[in-house]
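**Q** Turn this into a model:
(one chain, ligands or ions: 1)
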Amino acid sequence: MHFFARNNGQLWAEGVSLATLAEQVGTPCYVYSRATLERHYQVMDQALAGVDHLICFAVKACSNIAILQLLARLGSGFDIVSGGELARVLRAGGDPRKVVFSGVGKQPHEIAQALQVGIHCFNVESEQELATIERIAAELGLVAPISVRVNPEVDPRTHKYIATGLKSSKFGVAADVAETMYQRAARSKHLHIVGIDCHIGSQIMEIAPFVEAVGRVVELAERLRGQGIALEHLDVGGGLGIVYRDEAPALPEQLGEAVGQIARRHHLRLIMEPGRVIVGNAGILLTRVLGIKSNGDKDFVIVDAAMNDLIRPALYDAWHRLELVGASEDRPLALVDVVGPVCESGDFLAQDRQLPTCQNGDLLAVFGAGAYGFSMSSNYNSRPRSAEVLADGSTYQVIRSRETVADLWRGEMLVG
Ligand code: LLP
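**A** So this is what the prediction gives:
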């Protein structure tokens, strides 16, 4: 469900004409729909209505401070993986007490920063990390709230780069190691056990892998309870998939029902870390056709957005729906590759795609670009990063201005 729709053949973001927006802001440009974003958050929140819960939006999916601000206003907490993400959450008015800190390589200064602002908890990824957190907390005279990230060894049946709960993954620790870590934490003056967590991957279609993983996690929670180690929350991570093409992902209500039941049964507060399902279909990438070319039997549409703007097709073979912004019913279909200006053959937004015949100057919308779109963008090929815009009813606001060429070498120095 999203609020990008056609009106008289033209594509709009809520009440904003994308053609007009492109004229005014330029391309490439990310456009988010506020109504879509807020609806997705509320759907997830309502899916968990029957259980004491906290949604911690995964900041890495889309980290613009305006997006974080809107979510914070709705009551969202945040899942962060760096001090930079923590700073963004605070800048956006997020509540540090609703922040969980995940990630396999937390740095000492980031741990100290999170302790000082009083986050909800650290999702601890190794025995060494537990010791580091304890040491830093002791140095600061503070107590660190912790949860151990358990690797439940479950196959989420998704792209191999975004599966994180396999035995071979770098994330989390095996249940027996987690048990020892809890026993150690229980004896520490500077560690306070608050929960247990897992995160098995991303763009997951079915409920079964979640239930299997969470089942293993609560098994450990019960074992710990038997040893007098009480937990307050169960964090099941993020990972619910969305429709890019013709997938049929499970619904938030189904996931909420399944994991909510488990949390209630074990008297645990539920935490979830959704990213993609909140913001994925709340954003598009708007790009303009620069030229058309044919190489033998391949036809290319060259656009002004490239792999530095949206890396998902190159990195995960991801399929994103493309549509012409203008009316196109009268144009014959053509089989094309839609490619960017970057000097790599991996620089494509779509391959072997049937599209209405494109002409120079046409605008294309790349759907499903709200999650892991701008947040994974780079300056590769010295391309300034695109603008980000929030459509809100009949108005829009630029929430990140397009980088300038001078931004490209900010911090660089000529030799003296
Ligand atoms: N929690 C943790 C600890 C995570 O590592 C992630 C995502 C999430 C929550 C949110 O997962 P989501 O609900 O968005 O699936 N760049 C890839 C996705 C990488 C996901 C990394 N971790 C892509 O574009 O498909």
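
**Q** Okay, strands next: where are they in the stretch 301-416 of the chain?
**A** With DSSP state E, counting those that start in this stretch as the criterion, the stretch 301-416 of the chain has strands at 322-324, 333-339, 348-356, 363-366, 387-392, 395-400.

**Q** so which of those comes closest to Ile302?
**A** strand 333-339 (5.7 Å; CB to CB). C-beta here means a position set from N, CA and C on the backbone, and glycine is covered the same way.

**Q** before we move on, the earlier item: now tabulate the strands of the stretch 301-416 of the chain in TSV and tack on mean neighbour count and mean pLDDT.
**A** Formatted as TSV, these follow (neighbours: other CB atoms under 10 Å; pLDDT from 0 to 100):
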stretch	mean neighbour count	mean pLDDT
strand 322-324	20	98
strand 333-339	17	97
strand 348-356	17	97
strand 363-366	24	98
strand 387-392	24	98
strand 395-400	16	98
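
**Q** pLDDT averaged over the longest helix anywhere in the chain - what is it?
**A** Identified as the longest helix of the chain according to DSSP state H is helix 208-226. For helix 208-226, mean pLDDT is 97.

**Q** buried sites along that helix?
**A** The neighbour-count check on helix 208-226 (16 or more other CB atoms under 10 Å) flags Pro209, Phe210, Val211, Glu212, Ala213, Val214, Arg216, Val217, Val218, Leu220, Ala221, Leu224 as buried.

**Q** picking that back up, using TSV, lay out the strands of the stretch 301-416 of the chain together with distance to Ile65.
**A** TSV is the format used below for the strands of the stretch 301-416 of the chain (distance: least, CB to CB, whole Å):
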stretch	distance to Ile65
strand 322-324	29
strand 333-339	31
strand 348-356	27
strand 363-366	23
strand 387-392	10
strand 395-400	8
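
**Q** Which one of those strands lies nearest to Gly275?
**A** Set against Gly275 and scored by CB to CB, those come closest in strand 387-392, at 16.4 Å.

**Q** The ligand contacts on the stretch 1-150 of the chain?
**A** Contact residues (CB under 6 Å from any ligand atom) of the stretch 1-150 of the chain with the ligand: Ala58, Ala61, Asp79, Ser102.

**Q** Return the set of buried residues in stretch 139-154.
**A** In stretch 139-154, the ones that count as buried by 16+ other CB under 10 Å are Ala144, Pro145, Ile146, Ser147, Val148, Arg149, Val150, Asn151, Pro152, Glu153, Val154.

**Q** Okay, now that stretch: how far is its last residue from its first?
**A** End-to-end span of stretch 139-154 (CA to CA, to the nearest Å): 37 Å.

**Q** for stretch 60-75, same thing?
**A** End-to-end span of stretch 60-75 (CA to CA): 18 Å.

**Q** I'd like to know which of the residues of the stretch 1-150 of the chain next to the ligand are part of helices.
**A** Using DSSP H, no member of these sits in helices.

**Q** Tell me the buried residues within those residues.
**A** The neighbour count (16+ other CB under 10 Å) marks Ala58, Ala61, Asp79, Ser102 as buried among these.

**Q** CSV for those residues, including pLDDT?
**A** Shown next, in CSV, are these (pLDDT from 0 to 100):
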residue, pLDDT
Ala58, 98
Ala61, 98
Asp79, 98
Ser102, 98
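
**Q** Show me where this structure has its helices.
**A** Counting by DSSP H, the helices of the chain are 18-25, 34-47, 65-73, 83-91, 108-117, 127-140, 175-187, 208-226, 252-265, 276-279, 312-316, 405-408.

**Q** Out of these, flag the one nearest Asp197.
**A** helix 208-226 (7.5 Å).

**Q** Report the angle between that closest one and helix 175-187.
**A** Put simply, helix 208-226 runs at 40 degrees to helix 175-187, going by axes from the mean of the first three to the mean of the last three CA atoms, to 10 degrees.

**Q** Which neighbouring elements make contact with helix 208-226?
**A** helix 175-187, strand 191-197, strand 233-235, helix 252-265 (3 or more CB pairs under 8 Å, 6 or more residues apart in numbering; DSSP states H and E).

**Q** Quick check: the nearest residue to Val99 once chain neighbours are set aside vs the ligand, distance?
**A** Nearest residue to Val99 in three dimensions, chain neighbours excluded: Ile119, at 4.2 Å (CB to CB, 6 or more residues apart in numbering). The gap separating Ile119 from the ligand is 14 Å, by CB to the nearest ligand atom, to the nearest Å.
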